[in-house]
Each structure stands twice: as C-alpha cells, then as structure tokens.
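# Structure, please.
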Amino acid sequence: MEITGLMLNVIVILLLLGGIGFTLIGLPGNVLIFLTALGYGYLEGFVHINYQTLLLLLAALILGELVESFAGAVGAKKEKASFRAIIAAFFGGIIGGIIGTGILPVVGSIGGAILGGFAGSYLAEYTKHQNLDKAGRVAQSVIKAQLIGLVIKFAIAITMIIYILVHLPWREFF
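Numbers count the residues shown, from 1 in each chain. From the prediction side, this is the model:
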C-alpha cells in the first residue's frame, strides 16, 4: 500500500501533535518534532523539507534544550539546591506528567509534571538537609524555573511545527 501525499501530511500532523504532548509532560517532544521533519524530508527526497530547513529545526531543538536546562539550573542555584534535588525534580516531573496524563490528558499532564517535580525536589532536599523550610524554598524555586523553561521550550515547539507545516505541500491537494 502506497502512502499518498495527503495521507503522509496527515501522519506528519499527528506526529507533530504527539511531539507537543510529549513536550508538555517533559519528554523529548521537540526531538520527535525534528525526527518527524527529518523522516518526511527523507521520504519526499528533501524537496519541501530540505537540509537548510532541517538545520534550522535542529538549531531550534538545541536552543530549547539549552534554555530548559539553563532555567532549571538558575532556579536551583538561587536557593542553593542540591544536585539530587534537581535530578529528583526532573524525574518527578516525568513520572507526574505520565500519571497526570492517565488521569486527565493535557491538563493532567501539566499538573502532574508540576506536582511531580515539586514533590521530587522537596523530598530530595529534605532527606539531605532535614530542613522543611529549605526544602520548600528549593522546591518552589526549581519548579518556577522549570515552568519558565517549559514555556520557552513549548513556544519553540510551536514555532517548529508552524515552520514545518508551512513547508508541507498543501496546494497540491486542493
């Protein structure tokens, strides 16, 4: 069975939407978005999604990852968080996002990621210093910074998707 151009575009859109969902719960959604563009470019001979487009998308992907990492580090540094609090916030966010998605997709994903990150960093910092106040401050600071990083990374994901959609051959189908 041959995939028609319109069908391929629909598959690309579904994968791009999956990339947005992954980004929201802290998984590598921007990577999925980039790989979708790469796969599309390969399948259609790099006519509409060419190497220059892929390089721009790769740069956006790297920028999003750097901003997200930098924002979390700045927030953690503000309250002198331990390294394990930062790691626990990261994994707590992923686990919370997955659990939240199962409860209520999209809204639950975001809420679960926030609560999971908060709980992870709080518990990690508390078990290290046995200080409830410090653990609370660290958890709040890490989560605020992660939210800022997530918003920026999400904006980059949306920009990547718009850029890809503009380069798809829509006029050929209508």
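# what ranges do the helices span in the chain?
Assigned by DSSP state H, the helices in the chain fall at 5-24, 29-43, 51-78, 83-103, 107-129, 132-167.
# Could I get those in JSON lines, plus columns for mean pLDDT and mean neighbour count?
Any C-beta I mention is one placed from the backbone N, CA and C, and that applies to glycine too. Formatted as JSON lines, the helices of the chain follow (pLDDT from 0 to 100; neighbours: other C-beta atoms under 10 Å):
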{"stretch": "helix 5-24", "mean pLDDT": "89", "mean neighbour count": "17"}
{"stretch": "helix 29-43", "mean pLDDT": "95", "mean neighbour count": "20"}
{"stretch": "helix 51-78", "mean pLDDT": "85", "mean neighbour count": "17"}
{"stretch": "helix 83-103", "mean pLDDT": "83", "mean neighbour count": "20"}
{"stretch": "helix 107-129", "mean pLDDT": "85", "mean neighbour count": "21"}
{"stretch": "helix 132-167", "mean pLDDT": "90", "mean neighbour count": "19"}
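# Identify the residues contacting the residue sitting nearest the centre point of the chain.
In the chain, the residue lying closest to the centroid (C-alpha atoms, centre = their mean) is residue 23, at 2.5 Å. Going by C-beta atoms under 8 Å, 6 or more residues apart in numbering, residue 23 touches 29-30, 150, 153-154, 157.
# Contacts for stretch 140-159, please.
19-20, 23-24, 26, 29-30, 33, 60-61, 63-65, 67-76, 78-79, 81, 85-86, 89, 93, 113-114, 117-118, 121.
# what does stretch 93-112 give?
Here stretch 93-112 makes contact (C-beta under 8 Å, 6+ apart) with 21, 24-27, 113-117, 119-120, 146.
# Which two of those residues have the greatest separation?
21 and 119 (21.9 Å; C-beta to C-beta).
# who's in contact with residue 33?
Residues in contact with residue 33 (C-beta under 8 Å, 6+ apart) are 15-16, 19-20, 57, 61, 157, 160-161, 164.
# what do you get if the cut-off is 6 Å, keeping everything else the same?
Counting by C-beta atoms under 6 Å, 6 or more residues apart in numbering, residue 33 touches 16, 19, 160.
# Could you do residue 85 as well?
121, 124-125, 138.
# redo that, cut-off 8 Å
76, 120-121, 124-125, 128, 138-139, 142.
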